[in-house]
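[1] Structure, please.
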Amino acid sequence: MLASRLRTAVHASALLIPVIAELTSKSMVIAALAATTVVYILSEVLRLRAKSVPLITWFTLVMSREDEGTRLVTAPIYLAVGVVLSLLAFPKNIAYASITIAAVGDPVASYVGRKLGRIHVRQKTLEGFAGGWIVSFAAALLWVPPHLALVGSAAGMLLELLGLLDDNLTIPIGAGSAMLITSIL
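    The predicted structure is shown next:
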């Protein structure tokens, strides 16, 4: 239970990225995320070699799923890379919306799927998809017009539902790409 709540908190913390980027700069946020990711990867390498990095190793182990304890826990890396690539590849409003879709859509889809899920698609549920789509659409409206929020949240949650690669990476990139293409058309 604690692990699930901490994973949700890490996802939700991505909501701070647009705010911090507006208060500082996009390049500062990218540099900070890159540095944090490097430190995290080094701590994971040390953990796998039976050495502990105070706080980081504990946090990783508390948040990890049972099958992740003996291998590199990659979800935070994929989320950081997805956020950085969104900031680099998309206009500001689309980047912020794609990050927001990943930050709220993925954990909401997981929660709704666990609580209400009945119709399964692979390891996910259509109910989780719908819940994630509705909430991520509403959250994306903070950054983009309704037609872009609708397309971006649909693309992001479809990628979450299909489970291709790691959704921490595919959701922000897929949502941002769908919004960018729609804005050009």
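[2] Quick check, pLDDT for residue 58.
    Predicted confidence (pLDDT) for residue 58: 82.
[3] Would you agree it falls within a helix?
    Yes - judged by DSSP: H, G, I helix; E, B strand; the rest coil, residue 58 forms part of a helix.
[4] Contact partners for it?
    Shown in contact with residue 58 (Cβ atoms under 8 Å, 6 or more residues apart in numbering): residue 52. For glycine as for every other residue, the C-beta is placed from the backbone atoms N, C-alpha and C.
[5] Could you do residue 144 as well?
    Neighbouring residues of residue 144 by Cβ under 8 Å, 6+ apart: 93-94, 97, 152, 179.
[6] of all those residues, which two lie farthest apart?
    93 and 152 (10.6 Å; Cβ to Cβ).
[7] higher neighbour count, these two?
    residue 152 (32 against 17; other Cβ atoms under 10 Å).
[8] Let me know the helix or strand that that one is in.
    helix 146-162 (DSSP states H and E).
[9] Sketch out the low-pLDDT regions of the chain for me.
    Flagging of the chain using pLDDT under 70 yields the residue ranges 1, 69.
[10] out of the contacts of residue 144, which one sits closest to residue 116?
    Minimum distance to residue 116 across those is 23.5 Å, recorded for residue 152 (Cβ to Cβ).
[11] which residues in the chain form helices?
    2-13, 16-23, 26-48, 56-63, 75-89, 92-116, 126-140, 146-162, 167-184 (DSSP state H).
[12] Tell me what angle the last one forms with helix 75-89.
    I take that to be helix 167-184. Put simply, helix 167-184 runs at 20 degrees to helix 75-89, going by axes from the mean of the first three to the mean of the last three Cα atoms, to 10 degrees.
[13] how much space between residue 46 and residue 54?
    11 Å (Cβ to Cβ, to the nearest Å).
[14] before we move on, what about residue 155?
    Taken as Cβ to Cβ, the span from residue 155 to residue 54 is 40 Å.
[15] more neighbours, the two?
    Neighbours were counted for residue 155 and for residue 54 using other Cβ under 10 Å; residue 155 has more, 24 against 8.
[16] if I look at residue 93, how far off is residue 18?
    The gap separating residue 93 from residue 18 is 9 Å, by Cβ to Cβ.
[17] Residues that sit against both of these two, list them.
    residue 143.
[18] what sits opposite residue 120 in the beta ladder?
    Beta-bridge partners for residue 120, by DSSP bridges, are residue 125.
[19] and which of the contacts of residue 144 is nearest to residue 136?
    Closest to residue 136 out of these is residue 152 (7.9 Å), distances taken as Cβ to Cβ.
[20] give the contact list for the closest one.
    94, 97-98, 101, 136, 140, 144, 175-176, 178-179, 182.
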